[in-house]
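A.B. asks: next come a sequence and a model predicted from it.
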Amino acid sequence: MRVLVTGGSGYIGSHAVVALMEAGHQVVVLDNLENSAGTVVSRIERITGQAPDFIEGDLRDADALEKVFANASFDAVMHFAGLKAVGESVSRPLAYYETNVGGTVRLCQAMERAGVRRLIFSSSATVYGDPARVPIDEDAATGGVTNPYGRSKHMVEQILFDLGRADPRWSIGILRYFNPVGAHESALIGESPRGIPNNLVPYIAQVANGEREQLNVFGDDYPTWDGTGVRDYIHVVDLVAGHLRALEFLEAQPGSHVWNLGRGEGYSVLEMVRAFEEASGRPVPYRVTDRRPGDIAECWADPSKAERELGWRAERDLATMMRDTWRWQHNQRIG
Ligand code: NAD
Ligand code: UD1
């Protein structure tokens, strides 16, 4: 297939581009490089032996989108582009709604005009808010999200469901990611947060690498086995493999579908610290601080729908996730 990948030079998008190219698909990347580096494309080339076509352009620019679709024909779009920092979304809500919601609407309009109606969308487990129970299946209630980032994901899901109901020619796969971590095993691509990392694993990696003094553990009084927050961490390479299976599924069975992409297993913050220490052979000093506002105690997936319908399950274990994160972090520091 010929696939347009928005946000294809970002963390998850770049891994998806590699997986698509390795599976023999033709890829065009659209990214405005707001949160990624232009060098990612050449790193993808080092992994796959071929560079994807790259267009520097903005999702919010209707004319630019029009040109993208006028210049090439596509069978599908994987839509990763967006803003993703929860804290920043609270202080810059309009930017988040403009890019994540407005940008997605523009993209769908351009797709419709071009007659391209197969879309994979990066959603998040955040749409479940504070879940009534774990593991979380796709029928669990959504909404109850406490920040603009999460609300933008929930809004886009509603918009896409409406689009699918209005025109049955659309095939839409909504993928609810749990906590993506890790990096490509080549250590050539991975997550490079700008400034202080918001998420746990990039922060731990920087502490282990001597770039930060210690980890702040946000609360140890949650009703979990060791009092710290529990999440479902999934290797980014497993995550993108789920996208390819979803693409195949949509080709065979049009319509709107939603799948959780997680491992179905939770780890606490302290378990993550210990696993990283083992993988890196470096200490990860920490101190316990107050809870982070908006955090929930535990969140992990019931991934059985994806397993049943897509024939997909995450294969890489915690040690592999930590090893690959460490190799990437270490490689960046020395390279
Ligand atoms: P990322 O920031 O690494 O990648 C997003 C890419 O989109 C970047 O390369 C950025 O330059 C690009 N981009 C941003 N605004 C754009 C615009 N207006 N036009 C064109 N390109 C634009 O983020 P990621 O971690 O790879 O996340 C990809 C998607 O997955 C996002 O939609 C995110 O919300 C979603 N998601 C991520 C996580 C996670 O933990 N990383 C969890 C759940 C969902
Ligand atoms: C966060 C986002 C969520 C987003 C997800 C994946 C918030 C409130 N939620 O969720 O919307 O979908 O990332 O990108 O930001 N922790 C620490 N110290 C740290 C960082 C994190 O103790 O420095 C703890 C957190 O309290 C949590 C766990 O580690 O228990 C995981 O945190 P994080 O990686 O930020 O992911 P989420 O909280 O799941």
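C.D. replies: Sure, I can see it. Ligands and ions are numbered 1, 2, ... in the order given.
A.B. asks: residues from the stretch 51-200 of the chain in reach of ligand 2?
C.D. replies: 86, 124, 126, 149, 150, 179, 198, 199, 200 (C-beta under 6 Å from any ligand atom). (C-beta placed from N, C-alpha, C; glycine too.)
A.B. asks: local confidence estimate at residue 194?
C.D. replies: Here, the pLDDT recorded for residue 194 equals 88.
A.B. asks: again with residue 333
C.D. replies: 60.
A.B. asks: columns secondary structure and neighbour count on top of the residues of the stretch 51-200 of the chain next to ligand 2, output as JSON lines?
C.D. replies: Shown next, in JSON lines, are those (DSSP: H, G, I helix; E, B strand; the rest coil; neighbours: other C-beta atoms under 10 Å):
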{"residue": "86", "secondary structure": "helix", "neighbour count": "20"}
{"residue": "124", "secondary structure": "strand", "neighbour count": "21"}
{"residue": "126", "secondary structure": "helix", "neighbour count": "24"}
{"residue": "149", "secondary structure": "helix", "neighbour count": "25"}
{"residue": "150", "secondary structure": "helix", "neighbour count": "23"}
{"residue": "179", "secondary structure": "strand", "neighbour count": "23"}
{"residue": "198", "secondary structure": "coil", "neighbour count": "14"}
{"residue": "199", "secondary structure": "coil", "neighbour count": "16"}
{"residue": "200", "secondary structure": "helix", "neighbour count": "22"}
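A.B. asks: phi and psi next, for the closest residue to ligand 1 within the stretch 151-300 of the chain.
C.D. replies: Nearest residue of the stretch 151-300 of the chain to ligand 1: residue 177, at 3.9 Å (C-beta to the nearest ligand atom). Backbone torsions of residue 177, given as degrees, to the nearest 10, read phi -80, psi 140.
A.B. asks: wait, what's in contact with it?
C.D. replies: With contact taken as C-beta atoms under 8 Å, 6 or more residues apart in numbering, residue 177 is in contact with 12, 122, 123, 124, 125, 234, 239, 261, 262.
A.B. asks: from those, which is closest to residue 286?
C.D. replies: residue 234 (22.9 Å; C-beta to C-beta).
A.B. asks: neighbours of that closest one, how many?
C.D. replies: Number of residues near residue 234 (other C-beta atoms under 10 Å) recorded here: 26.
A.B. asks: could you check how far it is from residue 114?
C.D. replies: Applying C-beta to C-beta, to the nearest Å, the value for residue 234 to residue 114 is 32 Å.
A.B. asks: name the nearest residue to residue 292, ignoring sequence neighbours.
C.D. replies: In space, and not counting its chain neighbours, residue 292 is closest to residue 218: 4.1 Å by C-beta to C-beta, 6 or more residues apart in numbering.
A.B. asks: where does the stretch 51-200 of the chain dip in pLDDT?
C.D. replies: Nowhere does the stretch 51-200 of the chain drop to pLDDT under 70.
A.B. asks: please enumerate the strands of it.
C.D. replies: Ranges of strands in the stretch 51-200 of the chain, per DSSP state E, counting those that start in this stretch, are 53-56, 76-79, 118-124, 171-177, 179-181.
A.B. asks: residue 301 is nearest to which of the ones you listed?
C.D. replies: Using C-beta to C-beta, these put strand 171-177 closest to residue 301, at 7.9 Å.
A.B. asks: could you spell out the sheet neighbours of the closest one, each with its direction?
C.D. replies: Sheet pairing of strand 171-177 (DSSP bridges) gives strand 118-124 (parallel), strand 255-261 (parallel).
A.B. asks: can you pull the residues of the stretch 101-250 of the chain lying near ligand 1?
C.D. replies: Close to ligand 1, as judged by C-beta under 6 Å from any ligand atom, the stretch 101-250 of the chain has residues 103, 122, 124, 177, 180.
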